[in-house]
Structure formats: C-alpha cells, structure tokens
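Visitor: Need a 3D model of the following:
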Amino acid sequence: MSENLLENEQFKKIQKLNSVENRRQSIIVDDIGHDDQFELSDDQYRDQPAEEDLHGAKIGANEGEFVTIGDNLYSGTKDVNDLPLESTEAAVVVDDSAQSVVAKTSEKNGDELIAEPHFEIHLKQLHSKEKLRFRRHSNQKISYFGDVAFDCRPSVIDGTISEQIRTKFEGPTLEKQIKEAKTRRGNPGADGAFIETETLHPSFTGFYILFWMAVAFSCVKVFVNYYREHDGNLRDSEILKFMTTDLVTVAWVDLLMYLSTYFVFGIHWLCRRNFMKWSSTGFALTSIYEFGFVIFYMLLTENVLKLHWVAKIFLFLHSLVLLMKMHSFAFYNGYLWNISDELKFSKNALAKYKDTAGSSVIATLERSRDFCSSELESQSSTEPFPQNINLKNYFVYTMFPTLVYQIKYPRTKRVRWDYVFEKLCAIFGTIFVMMLLAQTYMYPLAIKAISIRDSPWTSLVDKLQAWCFILVDYIPAFIAMYLLTFYLIWDAILNCIAELTRFGDRYFYGDWWNCVSWDEFSRLWNVPVHKFLLRHVYHSSMSALQLNKNQATLMTFFLSAIVHELAMYVLFKRLRVYLFFFQMNQLPLVALSNSRFLRKRTVLGNVLFWIGICTGPSMLCSLYLTI
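Guide: The predicted structure is shown next:
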C-alpha cells in the first residue's frame with residue numbers, strides 16, 4: 001500500500017505542497033475515501049501527547065491525531081481556522097479523549113457551527129467558565145447574582161431603637177418583669193436577687209432621649225454664644241456662606257450629571273433594538289464614557305466654574321454615586337446580553353449535533369444551556385430580560401438608594417408620610433448641628449493650620465509641633481462630626497429616600513460600632529458601596545482577570561484607596577497620599593486583628609478599633625492642612 005501511495009501523482013503534489021519551503025503540515029488525500037488504507041502504529045498515538053479537550057483553537061497536538069473532512073485527511077496540528085469550509089460531511093476526531101464531533105454542513109447554510117472558525121474557541125471559553133460557575137465537589141451552580149441579596153428589612157437604628165420607642169415604650173418595666181418572674185415561680189415574696197438577670201430586659205430608651213436632649217441644648221448654647229459675639233449678624237458665618245453660595249449653579253451641574261447617566265441606558269436600548277452589539281461596541285463605549293465622566297466634572301467644577309470646596313466635594317461624591325449606578329446598570333445588562341448570546345449558541349449547537357457530537361462536548365453545551373437559562377429566569381418573572389431595558393425601569397432604579405442594579409427589588413406597600421417628615425426634620429436638624437460644630441470648633445483650627453503651612457518662617461520641626469497641638473484640638477470635634485455625618489447620610493437621607501420610593505431594603509449599615517477588626521468595618525460601615533465593590537470589583541476581577549481571593553481583595557482595597565485619595569485632592573487641592581497610605585494600611589491591621597492574640601480578645605479589639613476611628617479623621621485632616 002505504501003509503495004502504491006508513493007507512486008501516486010496526486011500524493012506527490014500534496015507532498016510538495018507540504019515541504020518545509022511551503023510551511024505546510026502533512027496532508028494525505030485518499031481518492032477512494034476510506035481511512036483504513038492508512039495504518040498508524042500504536043506507538044505513534046501513545047508517544048505523542050494530544051490536547052485533551054475539544055475546546056482549544058487547535059484540534060490535536062501532533063501528527064498522531066487527524067481531522068477527516070470528506071475525502072481529505074488533515075493533520076491534527078492544523079489550526080481550526082485553516083480548515084476548508086466546503087459543504088461536505090465533516091468529522092473531528094481526537095484520539096486522546098476518544099471523543100468525536102460530527103457535523104454536517106450544507107450548501108444552503110454555509111455558516112454551520114462546526115465550520116465556523118470561532119466554534120472551537122467558543123467551546124474552550126465555555127469549558128473555562130465552568131470552573132467559576134459550578135462548585136468543584138458539589139457541582140452546585142454559582143450564580144453571578146448570588147453575592148448580593150435584597151430583602152424587606154428596616155435600618156439598624158429604626159429596627160432596634162426608633163420603632164421600639166414608637167410602638168413599645170411604656171416607661172419603667174423592670175419591676176413589672178421581676179414581679180411576673182416571681183409569680184411564675186410560685187413565690188411572690190421571694191427575694192428579687194434570685195431572679196436570673198438573663199430573663200430581664202431593661203430598657204435604656206430614656207438615655208437615648210437624654211442624649212438627643214443634651215445635643216439640642218449644647219447646640220442652643222453654641223448658637224446663642226455665636227449670635228451674641230457677632231451682634232446678631234449670622235451672615236458672617238463662613239460655613240453658612242459656603243453652604244449657600246452658588247446654589248443654583250450646583251443644582252444645574254448636579255442635574256446635568258444625572259441626565260448624563262442616561263448615556264448607558266441609550267447604549268443598552270440600541271442593543272435591544274439590534275443597532276449595536278454589547279460585546280463588540282457597547283462595552284467599549286461604556287468603559288470610555290465612565291472613565292471620562294468623573295474626570296470631566298472634576299475639571300468642570302475646578303477649572304471652569306471655580307466652585308468652592310463644599311460644592312466641589314458634594315458634586316464629586318455625587319458623581320461617584322452616579323458612576324457606580326451607571327456601571328452596575330451597564331454591566332449587569334451587559335452580562336445578561338452575553339448570557340443570552342451564549343444560550344442561543346448552546347441551544348443551536350445542541351440542536352444540530354446532539355446525536356453526533358462527543359459526550360464531553362454535549363455535556364459542556366448542556367451545562368452552559370442550563371446555567372444560562374437559570375441566570376435569566378432567576379432575575380424576574382414579571383419583567384424578563386431584555387424587557388427591563390426601558391425608560392421607566394431605569395428612572396426608578398436611579399431613584400432607589402442602592403448602587404447595585406437588578407430588575408426587581410423588594411418594595412413596601414405604601415409611603416408613611418409621618419416617617420418622611422421625621423427624617424426630613426432629622427436631615428435639616430443634623431445639618432444645622434454640623435454647621436455649628438464646623439463654624440465653632442473646626443474652621444478656626446483649619447485657618448490656623450493653613451497659616452502655619454503657608455508661613456515661610458516656620459520650620460518643619462515647628463510645623464510638626466503645631467500639627468500635634470492641632471490634632472489634639474481636632475479630635476473631639478471630629479468624633480462628633482464623624483458620627484453626625486454617618487447619621488445624616490446612612491440613616492436620615494437614605495431612609496427618607498427609601499421611604500419616598502418604597503424601597504424595602506433599609507440595611508444601609510450594620511452594627512459597625514461593635515467591630516473588632518477593620519475587615520468587619522469595611523463591610524458594615526457602608527453597605528451600599530460594599531455591595532457594589534463585592535460584585536463589580538472583587539468578584540468581577542476574579543472572573544475577568546482570573547485573580548485569586550487575596551489578589552482580588554488587594555485590588556479592591558487599592559481601587560478604594562485611589563478613589564478616597566482623589567476625594568482628598570478635590571477637597572484640599574493637595575496630592576499627599578496620606579489617606580491612600582491609611583487605607584492600604586488596613587490590610588496588615590486586618591491580619592493583626594485575626595491573629596491568635598487578638599482573635600479571642602474582642603473587647604480589646606473593639607477598643608483598638610475605636611482608637612483608630614477617633615484619631616484617624618483628625619490626623620488626616622491636620623496632615624493635609626499642615627504638612
């Protein structure tokens with residue numbers, strides 16, 4: 001057989017084409033079309049390794065594996081892209097896995113999947129995605145949406161204090177509980193000392209009311225003193241001037257920023273109308289737009305409008321909120337576009353090659369189909385994707401106090417207008433207290449620090465000494481400002497917006513005041529931002545960049561530190577990376593708090609945590625102002 005083959009004129013032509021000069025692989029053509037004319041020894045298969053899965057861009061890894069297309073036998077080392085696209089019967093055989101994929105292409109449909117250059121690349125991508133979609137041992141699905149959950153629940157302060165005061169406060173109840181405990185034990189005259197304290201539930205509601213009364217009277221005292229010192233002229237207040245200057249300009253810029261976010265809605269609307277593909281065009285346009293969004297408004301407020309620092313930091317922080325909202329909407333729906341395309345691909349491939357393809361390929365396609373169907377069906381039954389891409393849905397989402405988009409959220413039945421009024425009073429009352437605090441205790445120190453920094457006769461040693469004194473003076477005021485800022489944003493404002501929009505999940509913060517480590521604080525202090533970083537930075541970096549958990553954690557902290565430092569640049573016009581250093585320093589502090597020494601000493605851990613909270617903001621502000 002070999003002698004006849006060597007004398008075959010057609011074989012000689014093919015052999016010439018496959019010479020080194022022509023850079024071709026060995027191609028053997030059987031005119032008869034029977035493969036059994038070519039005998040390959042067992043050693044030829046055994047000694048040359050093959051690529052195990054069918055998902056690579058190449059079929060086989062050596063000359064020991066072949067691709068049969070009609071009457072032609074091709075070397076397994078050829079690239080899929082080099083295979084001809086004639087309308088012939090095709091079979092792909094990989095010896096190492098003993099699997100086969102048989103595809104039939106017809107002249108009527110020249111774009112059959114197995115004949116497409118990207119078919120094997122798609123299969124390889126599906127195979128690599130399985131590692132992130134299914135748990136290794138249990139084979140359980142890992143949904144992209146399983147990291148963030150929304151439920152109907154009140155905020156911590158409302159659930160544990162405010163609601164209890166409104167509905168259950170009855171005055172002193174401890175004696176009543178003791179009498180009831182004695183009655184249950186059948187001995188009303190027994191000594192109360194034998195009552196188990198675990199069964200008693202004393203209320204400290206009076207202290208909560210006293211705290212706010214003390215705050216109110218302190219504010220009245222400060223206000224009266226300032227009024228008398230300035231002869232009743234409140235217009236001299238620098239903080240009041242900052243708060244009331246350029247209000248119309250700030251409002252127009254804020255409205256323009258909000259309307260600018262509809263760009264990403266327009267991108268997905270075009271994708272829904274089939275004017276654009278997310279994977280090829282929409283992704284690139286959205287990424288470029290998001291990058292320029294914050295930079296543009298930073299330059300606008302600083303270099304064009306020249307707004308004061310209060311307006312600039314407000315607009316910068318709001319631009320970050322809008323950026324995160326845009327990104328979540330865009331890439332949530334972008335993910336579903338990719339899932340939808342993958343579902344169509346897997347269904348089409350299964351329909352065409354279910355009876356002829358190898359079992360490993362069928363299993364990959366079926367798992368892809370099931371996973372994609374589950375992802376699409378799990379989001380919403382009333383408004384399935386892509387019907388959610390409409391103006392009403394996007395507008396309502398932008399009104400919700402959340403940074404993570406999903407099609408459907410838990411909602412309350414009605415708006416409690418008395419609750420809205422309560423939160424509005426809290427908002428304006430807290431702002432008033434913060435203005436008094438800033439004007440009386442913080443602004444004079446800031447002016448003193450700036451004068452020391454700008455003095456040409458002050459040495460570095462003197463600046464450090466002055467910084468220490470300013471730090472000591474700043475700490476009490478910053479503790480109060482820190483707590484008031486937390487209450488204003490995460491309880492008063494977000495709860496008010498949630499009530500007006502009937503947004504059900506009010507878990508905007510956890511009990512961060514009980515933290516014993518900084519990783520707990522990063523999760524509980526700002527839950528909306530934590531959810532965004534968890535989904536769109538931490539998990540996205542693991543899936544897109546193939547990072548492990550430690551690398552993804554480092555990247556998340558690094559990105560957060562850059563954004564925080566950028567906020568300090570907007571506020572102080574100074575790039576000093578102090579806050580960046582403090583943010584990244586949380587990583588070794590997390591490792592320290594998880595050490596054997598501190599793990600069981602929770603009280604000590606909470607003390608160290610509060611030392612950092614009390615001194616950190618004051619230290620940063622005095623550093624940026626002084627050095």
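
Visitor: In the stretch 101-250 of the chain, mark out all the helices, start to finish.
Guide: 119-133, 156-157, 163-168, 174-185, 205-229, 238-244, 247-260 (DSSP state H, counting those that start in this stretch).

Visitor: how many neighbours does Val361 have?
Guide: Neighbour count of Val361, defined by other Cβ atoms under 10 Å: 23. (Glycine included, C-beta is placed from N, CA and C.)

Visitor: Between the helices of the stretch 101-250 of the chain, which one is closest to Phe503.
Guide: helix 156-157 (16.2 Å; Cβ to Cβ).

Visitor: quick one, longest helix in the protein?
Guide: Using DSSP state H, we find that the single longest helix of the chain is helix 309-353.

Visitor: Now it: average pLDDT?
Guide: What helix 309-353 shows for mean pLDDT is 91.

Visitor: Spit out the contact partners of Leu126.
Guide: 55, 342, 346, 364-365, 367-368 (Cβ atoms under 8 Å, 6 or more residues apart in numbering).

Visitor: how near is it to Val590?
Guide: 37 Å (Cβ to Cβ, to the nearest Å).

Visitor: quick one: low-confidence parts of the stretch 501-627 of the chain?
Guide: Along the stretch 501-627 of the chain, segments meeting pLDDT under 70 are nowhere present.

Visitor: which residues in it form helices?
Guide: 518-524, 527-533, 540-544, 549-572, 578-584, 586-593, 596-599, 602-626.

Visitor: a markdown table for these, including distance to Cys271 and mean neighbour count?
Guide: Output for the helices of the stretch 501-627 of the chain, formatted as a markdown table (distance: least, Cβ to Cβ, whole Å; neighbours: other Cβ atoms under 10 Å):
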| stretch | distance to Cys271 | mean neighbour count |
| --- | --- | --- |
| helix 518-524 | 34 | 19 |
| helix 527-533 | 23 | 21 |
| helix 540-544 | 20 | 16 |
| helix 549-572 | 27 | 16 |
| helix 578-584 | 36 | 18 |
| helix 586-593 | 39 | 16 |
| helix 596-599 | 49 | 10 |
| helix 602-626 | 43 | 17 |
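
Visitor: Can you say which of these is nearest to Phe316?
Guide: Between the helices of the stretch 501-627 of the chain, helix 549-572 lies closest to Phe316; by Cβ to Cβ that is 4.7 Å.

Visitor: now for that closest one, which elements pack on it?
Guide: Judged by 3 or more Cβ pairs under 8 Å, 6 or more residues apart in numbering; DSSP states H and E, the packing partners of helix 549-572 are helix 309-353, helix 527-533, helix 540-544, helix 578-584, helix 586-593, helix 602-626.

Visitor: How far away from the center of its chain is the second one?
Guide: Right, helix 527-533. Distance of helix 527-533 from its chain centroid, counting by Cα atoms, centre = their mean, to the nearest Å, is 6 Å.

Visitor: Of all the helices of the stretch 501-627 of the chain, which one comes closest to Ala498?
Guide: Between Ala498 and the helices of the stretch 501-627 of the chain, the tightest spacing by Cβ to Cβ is seen for helix 527-533, at 11.0 Å.

Visitor: Using CSV, list the CA coordinates for that closest one.
Guide: Provided in CSV are the C-alpha atoms of helix 527-533 (Å, rounded to 0.1, in the frame of the first residue of the first chain):
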residue,chain,number,x,y,z
VAL,A,527,-23.2,48.5,52.9
PRO,A,528,-24.3,50.0,49.5
VAL,A,529,-20.7,50.7,48.5
HIS,A,530,-19.6,47.3,49.9
LYS,A,531,-22.2,45.5,47.8
PHE,A,532,-21.0,47.4,44.7
LEU,A,533,-17.4,46.6,45.4
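
Visitor: before we move on, the earlier item: with distance to Leu132 as extra columns, can I get the helices and strands packed on helix 549-572 in a markdown table?
Guide: Listed next are the helices and strands packed on helix 549-572 as a markdown table, based on distance: least, Cβ to Cβ, whole Å:
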| stretch | distance to Leu132 |
| --- | --- |
| helix 309-353 | 13 |
| helix 527-533 | 19 |
| helix 540-544 | 5 |
| helix 578-584 | 28 |
| helix 586-593 | 25 |
| helix 602-626 | 34 |
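
Visitor: Which among those helices is found nearest to Gln164?
Guide: helix 527-533 (21.6 Å).

Visitor: Now do the same contact list for the residue nearest to Met584 when sequence neighbours are not counted.
Guide: Distance criterion Cβ to Cβ, 6 or more residues apart in numbering; nearest residue to Met584, sequence neighbours excluded, is Ala561 at 5.4 Å. Contacts of Ala561 were listed using Cβ under 8 Å, 6+ apart, and they are 579-580, 583-584.

Visitor: Ok, Val156 next?
Guide: 507, 509-511.

Visitor: And Ser319, by the same measure?
Guide: Ser319 touches 257, 293-294, 297-298, counting by Cβ under 8 Å, 6+ apart.

Visitor: ok, Val527 touching Asp511?
Guide: No: look at Val527 against Asp511 with Cβ atoms under 8 Å: they stay out of range, at 11.4 Å.

Visitor: Show residues contacting the next helix or strand after the longest helix of the chain.
Guide: Toward the C-terminus, helix 309-353 is succeeded by helix 359-379 as the next helix or strand (DSSP states H and E). Outside helix 359-379, the residues within contact range by Cβ under 8 Å, 6+ apart are 53-55, 97, 99, 101, 123, 126-127, 129-130, 133-134, 141, 143-145, 336, 339-340, 342-343, 345-347, 349-350, 353-354, 357, 384-385, 406-408.

Visitor: Also stretch 276-284?
Guide: 267-268, 270-271, 330, 333-334, 337-338, 341.

Visitor: Format those as CSV; extra columns: distance to Lys413 and neighbour count.
Guide: Formatted as CSV, the contacts of stretch 276-284 follow (distance: Cβ to Cβ, whole Å; neighbours: other Cβ atoms under 10 Å):
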residue, distance to Lys413, neighbour count
Ile267, 34, 23
His268, 30, 25
Leu270, 36, 17
Cys271, 35, 20
Ala330, 31, 25
Asn333, 28, 26
Gly334, 33, 20
Trp337, 34, 21
Asn338, 36, 14
Asp341, 38, 15
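
Visitor: Out of these, which is nearest to Arg416?
Guide: Here the nearest of these to Arg416, counting by Cβ to Cβ, is Asn333; it sits at 32.5 Å.

Visitor: and the closest one, what is it in contact with?
Guide: 268, 271, 278, 385-386, 388-389, 405.

Visitor: can we see that at 6 Å?
Guide: By Cβ atoms under 6 Å, 6 or more residues apart in numbering, the contact list for Asn333 reads His268.

Visitor: could you measure it against Gln546, distance?
Guide: Counting by Cβ to Cβ, the gap from Asn333 to Gln546 is 24 Å.

Visitor: cool, and Leu376?
Guide: 25 Å.

Visitor: repeat for Phe428
Guide: 49 Å.

Visitor: so where's this protein uncertain?
Guide: 1-119, 177, 182, 184-202, 357.

Visitor: and the closest residue to Asp236 other than its chain neighbours, how many neighbours?
Guide: In this structure, Asp236 finds its nearest non-sequential neighbour in His230, 5.2 Å apart by Cβ to Cβ, 6+ apart. The number of residues packed near His230 is 12, by other Cβ under 10 Å.

Visitor: Surely His230 touches Glu238?
Guide: No: applying Cβ atoms under 6 Å, one finds His230 not in contact with Glu238, separated by 11.5 Å.

Visitor: returning to that earlier point: could you dump the helices of the stretch 501-627 of the chain to TSV with distance to Gly282?
Guide: Shown next, in TSV, are the helices of the stretch 501-627 of the chain (distance: least, Cβ to Cβ, whole Å):
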stretch	distance to Gly282
helix 518-524	32
helix 527-533	20
helix 540-544	16
helix 549-572	23
helix 578-584	33
helix 586-593	35
helix 596-599	47
helix 602-626	40
